[in-house]
Structures are given as structure tokens and as C-alpha cells.
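Visitor: Model the following, please.
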Amino acid sequence: MSGRPTTRRLDAAQSASLEVYLLGLVDFDSALALQERLVFDFSGRDDRQGALLLCEHPPLVTLGREASADHVLVNPAELRSVEIDVRWVARGGGAIAHAPGQLAVYPILPLQRLGLGLSEFRTRLEESLVAVCHDVQIPAKRREQEAGVWSRSGRVGFIGAAVKSWVSYFGAYLNVDLDPSFLGLASSDPDKERSTSLQAQRLQRVSMAAVRAGMLRRVAEQFGYERHHIYGGHPLLKRRTQRVCLHA
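Guide: This is a model prediction of the structure:
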């Protein structure tokens, strides 16, 4: 798929809209099931309509295609004792620890109809995260050779995307104000990489609502959508009841 041509011109997306769904705190499996349903629906269309899911997840560690079991930094028995699962998932990227206070960013976009290849998709998604960091006065940057976003004191943004029938799903994760105890659960480069959050960088409260609003605006800009509509929830989302661990 990486051999497909890319372009920076997304003018045609201006005739479509980005449908944005604010899901709140939702279990990982329910969010994944909704993404898969949207991917199926979008793959059968011939327009440039896109969707963006913004949510948070209960504590969980996911391992992508570039991950290793060694990237989980806490004994699995200890994690089970506090009801934190470790899951292998069909996305790119490495090990990512999730918890309330981390914003999950799931763009469901028809990449081929937008004229985007995988590399350009990743660049635009990372630039969205960088812009949101700058919006809250946190210096941040991306790296050409490594997926993600870094601030002065460590990694704040993670990329773990997937594509099916040239429609994107999964996406990115931005540490906003999650409890610091979750930051050390997993790392794809435990010898060199330190995870941090926007709140830890500012040493004061960072509003999740403000970050969420900035994210939907920046994603729409990066992918060329002049119009977007915002919804509280999605009618096809089926939530599971789950106890949430507030400290790792």
C-alpha cells in the first residue's frame, strides 16, 4: 500500500464533512467495534466523508505490530491484580498504556479518496497532535524516523494506526492529565524513552475539554475538512460496564 501516490492537495475534501463523535470514557472493545463498523460503511462509499472519534479508555496496555512482551514494564500478575489487561491489537506501533486522562484520537478517513498514502497520513496526524500541544503552550515536535510526538521531558503522543480497504482506523493517543502512575506501565524503548503528559509539562491543570476541542479543529484542518459536525455519542456504540482503576 505504501507504493500508492500521495498528494498534499486535499481540496476535494472541502465538499465533504468530518463527523466528530465525542464518546467520553468508553471501554476499548466498544470503541473498536464502532470503528470497525464505520470502516465497513465508509469503504462502501464513493465520497470523502470522514469521521473522528474522540474518547478516553479505562486502564489497559495494548501491544501493536512492532511491540514485544518485554515492552510491558510491570509484572502481568501485578496488572491483573488491579484489573488492567494486556492486549495484542491489529494496529501499527508499539506498546501503549491507556488510562483516563489520555485522549484517544480515531480518524476514520477514506485515504485513497483523499489522495493520501500511509506516510502522509501519519505526518498529518502527528502534526495535529503537535499543534494541539502548542495550543496549550507545550513545546512539542515530531520525528521523521519515529512515530509519535515528544515534548522536552519525554513522549506525550503515540501513533498506532491501521488501514483496511484504504480506510484508516485506530490512530493516535495524547497524554493530557492521566495519573502519573500509569506512565510507567509500558514503553517500546524502555532504556531510552520516558513518557510524560501535558499536565506534567505545565505543572498545572490542563483542561481535557480544551484539548479535545483543539484536536477536532486541528484534525479537520490537517485533512482538509472545512466543515465538521459534532455529536455527543454515537447511536451504534454499545458500551460495556467496567470498573476503572484510578491508580496503577
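
Visitor: what does stretch 28-38 rub up against?
Guide: Defining contact as CB atoms under 8 Å, 6 or more residues apart in numbering, one finds that stretch 28-38 is touched by 23, 51, 53, 55, 57-58, 60, 62, 87, 89, 98, 104, 106, 108, 169-170, 234, 236-240. For glycine as for every other residue, the C-beta is placed from the backbone atoms N, C-alpha and C.

Visitor: any chance you could map the helices in the chain?
Guide: Listed in chain order, the helices of the chain (DSSP state H) span 28-43, 76-81, 111-114, 118-135, 198-202, 208-222.

Visitor: For residue 236, see how far away the most centrally placed residue in the chain is.
Guide: With distances taken as CA atoms, centre = their mean, the chain has residue 172 as the residue nearest its mean C-alpha position (2.1 Å). Computed as CB to CB, to the nearest Å, the residue 172 to residue 236 distance reads 22 Å.

Visitor: How about residue 30?
Guide: Counting by CB to CB - residue 30 and residue 236 are separated by 10 Å.

Visitor: and those two? which has more neighbours close in?
Guide: Per other CB atoms under 10 Å, whichever of residue 30 and residue 236 has more neighbours is residue 30, with 18 against 12.

Visitor: What distance do you get for the closest residue to that one other than its chain neighbours to residue 27?
Guide: Counting by CB to CB, 6 or more residues apart in numbering, residue 30 lies nearest to residue 239, which is 5.2 Å off, once chain neighbours are set aside. Distance check for residue 239 against residue 27: by CB to CB, it reads 7 Å.

Visitor: Between those two, which is the more surrounded one?
Guide: residue 27 (18 against 15).

Visitor: What is the burial count for the residue nearest to residue 237 when sequence neighbours are not counted?
Guide: Leaving aside its chain neighbours, residue 237 sits nearest to residue 34 (5.1 Å; criterion: CB to CB, 6+ apart). With neighbours defined by other CB under 10 Å, the count for residue 34 comes to 24.

Visitor: how near is residue 34 to residue 155?
Guide: According to CB to CB, residue 34 stands 27 Å off from residue 155.

Visitor: Check the gap between the closest residue in space to residue 17 that isn't next to it in sequence and residue 105 for me.
Guide: Nearest residue to residue 17, sequence neighbours excluded (CB to CB, 6+ apart): residue 227, at 4.2 Å. Plainly put, residue 227 is 19 Å away from residue 105 if you go by CB to CB.

Visitor: Then residue 130?
Guide: Separation of residue 130 from residue 105 (CB to CB) stands at 13 Å.

Visitor: That'll do, ta.
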